[in-house]
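A.B. asks: I'll drop the sequence and a predicted model, then ask my questions.
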Amino acid sequence: MTLTLIHTAKLHEATFVSLRDRLAPGAKLHHITRPEWLDRARAGDESVTEDLAQAIATAPGPTLCTCTTLGATAESLGALRIDWPMMQAAAQSDGAIMLAYALDSTYESSLALLDRALQATGSRQKVHPLPLTQYWPLFEAGETDAFTSVIAGEIRQAAMTLPKLSCVVLAQASMAPAADRLTDMRVPVLASPELALRAALEI
């Protein structure tokens, strides 16, 4: 089986290759990387749906969309969206959930998906949004280490104000490295790439 991954940032290719090598060395990955699709989606260009549909329809094997902004559309076209397994994990927690996001175009989609996961489990956890959109230009400029550092710092500080917090959700795959800097927190910090790859490969 070949798993196709649709990205809107080149660096996600290396992320998933590394995860594949650790989790399922024999798995075959096929990458489709289109940074312009995110720009078009954010600009409200509906024709990106047609491009996405064609990519999914012609992909060898199942498809995983790693872009949160395109996630709902990709799911409607038959792909697995990267953040669904993560939201399912968050819904199993017992307490408040912090939803950290760095791009406005992902917020409503992420919140709706988390609400869906919570409804599926009958949970009523409070969701605390943490907008970190002011730092997105760092990621766009390729300053990924600085981006990761400030994201981790803001989450750590915000978590101190929420005594009933049960977990932190990193809404975008680009935020995932921040989880490695927050392993000492009292609650789990959930990132989407590994959970999504496990689900896509069913490992």
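C.D. replies: That came through fine. Numbers count the residues shown, from 1 in each chain.
A.B. asks: What is the neighbour count of Pro137?
C.D. replies: 11 (other C-beta atoms under 10 Å). All C-beta spots, glycine's among them, are computed from the backbone N, C-alpha and C.
A.B. asks: which residues are contacting the host helix or strand of it?
C.D. replies: Counting by DSSP states H and E, the element that carries Pro137 is helix 136-140. If you take C-beta atoms under 8 Å, 6 or more residues apart in numbering as the criterion, helix 136-140 is touched by Ala102, Leu103, Thr144, Ala146, Phe147, Val150, Ser174.
A.B. asks: What residues of the lengthiest helix in the chain count as buried?
C.D. replies: As assigned by DSSP state H, the longest helix anywhere in the chain is helix 104-121. The neighbour-count check on helix 104-121 (16 or more other C-beta atoms under 10 Å) flags Ser105, Thr106, Tyr107, Ser109, Ser110, Leu111, Leu113, Leu114, Ala117, Leu118 as buried.
A.B. asks: Max pairwise distance over these: which two?
C.D. replies: Farthest pair in the buried residues of helix 104-121 (C-beta to C-beta) is Ser105 and Leu118. Separation: 21.9 Å.
A.B. asks: Dump the helix holding Pro137 to CSV, restricted to CA.
C.D. replies: Extracted C-alpha coordinates of helix 136-140, given in CSV (Å, rounded to 0.1, in the frame of the first residue of the first chain):
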residue,chain,number,x,y,z
TRP,A,136,2.9,32.8,11.8
PRO,A,137,5.1,35.1,9.8
LEU,A,138,8.1,33.4,11.5
PHE,A,139,7.0,30.1,10.0
GLU,A,140,6.4,31.6,6.6
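A.B. asks: Please tell me how far that helix is from the chain's geometric centre.
C.D. replies: 16 Å (C-alpha atoms, centre = their mean, to the nearest Å).
A.B. asks: Find the nearest non-adjacent residue to Cys65, please.
C.D. replies: Of all residues not flanking Cys65 in the chain, Ala74 sits nearest, at 3.5 Å (C-beta to C-beta, 6 or more residues apart in numbering).
A.B. asks: Confirm for me that the one you found is in contact with His7.
C.D. replies: No. If you go by C-beta atoms under 8 Å, Ala74 and His7 don't touch, sitting 11.4 Å apart.
A.B. asks: Can you classify the residue of the chain most remote from its centre by secondary structure?
C.D. replies: Centroid-distance maximum for the chain: Pro163 at 25.0 Å, with C-alpha atoms, centre = their mean. Recorded secondary structure, Pro163: coil (DSSP: H, G, I helix; E, B strand; the rest coil).
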